[in-house]
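Enquirer: the amino acid sequence is not available; the structure is as follows:
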């Protein structure tokens, strides 16, 4: 699957919410409908986009369809983001160093006139 297809599928906030739900465990469609507050047809359309992008898998369990997150495409996105993460990490490291420097400033001396 191409990175463009994955980003397009994840561009919608409802689909990101569904991916977030599936992060913890596989879920039947009815549970996804209830958690997202969408209609069943709308949820099914979002699940179809996620399935076609390869982000989720579906299995039949009697009369229910159970969706699970497929970690492989997420790993592809993570690999794509890796070079950018280095930029964030260096900025966060610099911020951490600055905070450490300011945290080690000695307390101001007490005002002797304030002790009565």
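Expert: Now that the structure is in, tell me what you want to look at. Quick caveat: nothing in here was measured; it's all calculated off a predicted structure.

Enquirer: against residue 97, how distant is the spatially closest residue to residue 3 that is not a sequence neighbour?
Expert: Using C-beta to C-beta, 6 or more residues apart in numbering and skipping residues adjacent in sequence, the residue nearest residue 3 is residue 80, 5.6 Å away. In short, each C-beta sits where N, CA and C put it, glycine included. When distances are taken as C-beta to C-beta, to the nearest Å, residue 80 and residue 97 turn out to be 28 Å apart.

Enquirer: with residue 19 instead?
Expert: With distances taken as C-beta to C-beta, residue 19 is found 35 Å from residue 97.

Enquirer: so which of the two has more stuff around it?
Expert: Relative neighbour count places residue 19 above the other of residue 19 and residue 97, with 17 against 10, counting by other C-beta atoms under 10 Å.

Enquirer: and for residue 58, the neighbour number?
Expert: Neighbours of residue 58 under the rule other C-beta under 10 Å: 15.

Enquirer: buried sites along the helix or strand hosting residue 99?
Expert: Here residue 99 is covered by helix 71-103, with elements defined by DSSP states H and E. Counting neighbours by 16 or more other C-beta atoms under 10 Å, one finds that the buried residues in helix 71-103 are 73, 74.

Enquirer: packing partners for that helix?
Expert: Applying 3 or more C-beta pairs under 8 Å, 6 or more residues apart in numbering; DSSP states H and E, one finds that helix 71-103 contacts helix 3-10.

Enquirer: the following helix or strand past the helix it packs on vs helix 3-10, what angle?
Expert: Reading on from helix 3-10 to the C-terminus, the next helix or strand found by DSSP H and E is helix 13-24. Put simply, helix 13-24 runs at 100 degrees to helix 3-10, going by axes from the mean of the first three to the mean of the last three C-alpha atoms, to 10 degrees.
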